[in-house]
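Participant: Next comes the sequence, and after it the predicted model I'd like to discuss.
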Amino acid sequence: MAGMAVIHEKDMQKGRTALAQWRSAAMTQAGRNVAEASGRAPAALRLTISPELGRSAMAMAVRYSLYLLELKAPGEGVEVRVAPWGAVKILDGPASDPHNLTPPDVIELTPDVWLRLVCGITCWREEYDAGHISAVGERDDLSALLPLPSEGE
């Protein structure tokens, strides 16, 4: 795939570690939320899970997970943006207009929303219905690609 890599080869282990740290902290936070909600985790609680990692660790977790998505669904048809740390083009389809370089389908998410989806804490429909996903184009649902497997799955 042409374009700039979302994560450098030298940062792969940092990204893998950061994603595992975020996943672990999120699951711990989800466990607390489940306990506070009398044994179940309703969407309203899952949608608030937002572990605090340092800025560089968050960046590495986002970049590494975008890299995994790019491997799972290569292509040029949909751009997934997780500002401020990365964007990838995935899935087959019409490529970017050569004048503006933006594909017809663009999905934008915040880092916390993206990582909740990657880790399977929330599902696409919950985040979309809550207004946490900006999606333009015909292919505005990545639920078939998420969550991404954790290391070793």
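Facilitator: Nice, I can see it.
Participant: among the helices and strands of this protein, which one scores worst on average pLDDT?
Facilitator: Here the helix or strand of the chain ranked lowest by mean pLDDT, DSSP states H and E is helix 43-46, holding a mean of 83.
Participant: Which strands and helices lie in contact with whichever helix or strand comes after that helix?
Facilitator: Moving toward the C-terminus from helix 43-46, the first helix or strand encountered (DSSP states H and E) is helix 55-72. Here helix 55-72 touches helix 12-36, strand 74-82, strand 86-90, helix 111-118, going by 3 or more Cβ pairs under 8 Å, 6 or more residues apart in numbering; DSSP states H and E. Backbone N, C-alpha and C define where each C-beta goes, glycine included.
Participant: buried sites along the least confident helix or strand of the chain?
Facilitator: Buried residues in helix 43-46, counted by 16 or more other Cβ atoms under 10 Å: 45-46.
Participant: show me the contacts for the residue nearest the centre of the chain.
Facilitator: Closest to where the C-alpha atoms of the chain average out (Cα atoms, centre = their mean) is residue 114, at 3.1 Å. Shown in contact with residue 114 (Cβ atoms under 8 Å, 6 or more residues apart in numbering): 62, 65, 82.
Participant: Isn't the first one up against residue 82?
Facilitator: Looking back up the chat, that one is residue 62. Yes - counting by Cβ atoms under 8 Å, residue 62 touches residue 82, with 5.0 Å between them.
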